[in-house]
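Engineer: Curious how this folds, go ahead:
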Amino acid sequence: MSHFTLPTSVISAPSRRVIHRLRKGNRTGKGLLLITGYDYFLTKRDYKRLLPQYEEVILVPRHTDDEYLLNVILYPILSKYALIHLVANPEYDQQHHQVYQFMVKQSKMIRVSTITDFCEQMLGKVYIAQNAHERTFTNDLPVFRPGIRVLKKGMDVLASIFFLFFTSPFWVWCALRIKQQSPGPVFYRQARVGRQDQEFYCVKFRSMRLDAEVAGAAFSSKKDRRTFPFGAFMRKIRLDELPQFLNVLKGEMSLVGPRPERKVFTTSFENQIPHYQTRHQVKPGITGYAQICYPYGAGVKDARHKLMYDLYYIKHWSIRLEAYILWRTVITVITKQGC
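Structural biologist: Now for the predicted structure:
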């Protein structure tokens, strides 16, 4: 499900068994959003985008009892709304047909969207089904055209030279502080998966203790106990990422793109998440759309959420989107909101 903890004040007591229900504090007359066949795709960020647009949001999980939904949940509240936005998830059930007919009988104005269109148009991500056997789009997403690749390469080279020159004092400072707090190498080289599944060595300032992975590979987290104090500080303002500009100059990475993962994780994700391989059709990035939209996460569920944003970036790439991601990254660094 989502990563958003719903206050009990926005969930009606009778519906807690099967249906999530979010209400705004004040009536706005903007209508009701009803999502059938709901599985897991809304996040805290999504709720913040939706609640200003709708007075109420009802999420109907898969296999919800029709009688309960229609007569107990919907019928008592329909009189409050002139407009209903019904989002159908045909991957899982046909319940939306019954809901639609029910609302027609109540003479309601209904707007119907598929879950795929809803995610792309309103939430800025490409919907990926929870079930690994489901395919939410039939054709592969378009990869970057040659013109886009040349443009991004030029931006990457110029920006890398600029940042390497003007951040050189930070390199000296980071090296000294790392040596003071954690004996061992200043840099950390780790094999990551790049474009076309080619592995490369990603370079970062070392932020974790030397014994950080004695128990095996593990995801980073917001409050990672494996870091030493200055290492945690570097992560928070992304100083540990500075050496990756060397990877960008070598052509292994880009300024913006899906974050590179380790082979041990990508192999697992490709077997469990539909379309995961698509993210490897472009160069990985120092920052990315998923990084500014989604926090640190560990496991398949978080990887699937991040993939939705990565695929949106690939499908809808533009200079404006590229600039927006870079701007949001700068704001994150300045305000120390790194995860």
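Engineer: where along the stretch 51-200 of the chain do the strands fall?
Structural biologist: With strands called from DSSP state E, counting those that start in this stretch, the stretch 51-200 of the chain shows them at 56-61, 83-88, 109-114, 187-193, 199-205.
Engineer: The ones you listed into TSV, with extra columns for mean pLDDT?
Structural biologist: Output for the strands of the stretch 51-200 of the chain, formatted as TSV (pLDDT from 0 to 100):
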stretch	mean pLDDT
strand 56-61	89
strand 83-88	90
strand 109-114	89
strand 187-193	94
strand 199-205	96
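Engineer: how about these, which one is nearest residue 225?
Structural biologist: Across the strands of the stretch 51-200 of the chain, residue 225 has its closest neighbour in strand 187-193 (17.1 Å, C-beta to C-beta). Where you see a C-beta, it was placed from the backbone N, CA and C, and this is true even at glycine.
Engineer: Given that closest one, what are its sheet partners and their directions?
Structural biologist: strand 199-205 (antiparallel) (DSSP bridges).
Engineer: what sits up against the very next helix or strand once past the partner strand?
Structural biologist: Sequence order places helix 229-236 as the next helix or strand after strand 199-205, per DSSP states H and E. By C-beta atoms under 8 Å, 6 or more residues apart in numbering, the residues outside helix 229-236 that reach it are 174, 177-178, 180-182, 205-208, 220, 224, 227, 239-240, 336, 338.
Engineer: ok and helix 229-236 relative to strand 199-205, angle-wise?
Structural biologist: An angle of 120 degrees separates the directions of helix 229-236 and strand 199-205 when computed by axes from the mean of the first three to the mean of the last three C-alpha atoms, to 10 degrees.
Engineer: Could you check helix 229-236 and say which residues are buried?
Structural biologist: By neighbour count, with 16 or more other C-beta atoms under 10 Å as the criterion, the buried positions of helix 229-236 are 230-236.
Engineer: Residue 109: which of the residues you listed is nearest?
Structural biologist: Using C-beta to C-beta, residue 236 is the member of the buried residues of helix 229-236 that sits closest to residue 109, with 48.0 Å.
Engineer: Distance of the residue nearest the centre of the chain relative to residue 300?
Structural biologist: Relative to the mean C-alpha position of the chain, the nearest C-alpha, by C-alpha atoms, centre = their mean, is the one of residue 306, at 3.3 Å. Distance from residue 306 to residue 300, counting by C-beta to C-beta, to the nearest Å: 11 Å.
Engineer: got it, and residue 265?
Structural biologist: Residue 265 is 10 Å from residue 300, by C-beta to C-beta.
Engineer: cool, and residue 157?
Structural biologist: Between residue 157 and residue 300 the distance, using C-beta to C-beta, works out to 36 Å.
Engineer: higher neighbour count, these two?
Structural biologist: A direct count of neighbours by other C-beta atoms under 10 Å for residue 157 and residue 300 places residue 300 higher, at 17 against 14.
Engineer: What residues does the more buried one make contact with?
Structural biologist: When contacts are counted by C-beta under 8 Å, 6+ apart, residue 300 is found next to 268-269, 272-273.
Engineer: again, only using 7 Å
Structural biologist: If you count contacts by C-beta atoms under 7 Å, 6 or more residues apart in numbering, residue 300 has them with 269, 272-273.
Engineer: Next: residue 243.
Structural biologist: Under the criterion of C-beta under 7 Å, 6+ apart, the neighbours of residue 243 are 187, 203-205.
Engineer: and which of those residues is nearest to residue 79?
Structural biologist: The nearest member of the contacts of residue 243 to residue 79, counting by C-beta to C-beta, is residue 204 at 57.8 Å.
Engineer: That closest one is in contact with residue 244, isn't it?
Structural biologist: Yes. When contacts are counted by C-beta atoms under 7 Å, residue 204 is listed as touching residue 244 (6.4 Å).
Engineer: Looking at these two, which has the bigger crowd around it?
Structural biologist: Here residue 204 and residue 244 are set side by side on neighbour count (other C-beta under 10 Å), and the busier one is residue 244, at 24 against 19.
Engineer: and the more buried one, how far is that from residue 286?
Structural biologist: 5 Å.
Engineer: One more: residue 104?
Structural biologist: Distance, residue 104 to residue 286, by C-beta to C-beta: 51 Å.
Engineer: Can you pick out the residue with more neighbours from those two?
Structural biologist: Looking at residue 104 and residue 286 with other C-beta under 10 Å, you find the greater number of neighbours at residue 286, namely 26 against 10.
Engineer: So for the strand or helix carrying the more buried one, mean pLDDT?
Structural biologist: Using DSSP H and E, the element containing residue 286 is strand 285-287. Over the span of strand 285-287, the pLDDT mean works out to 95.
Engineer: ok, the contacts of residue 300 vs residue 127, which is closest?
Structural biologist: Nearest to residue 127 among the contacts of residue 300 is residue 273, at 12.6 Å by C-beta to C-beta.
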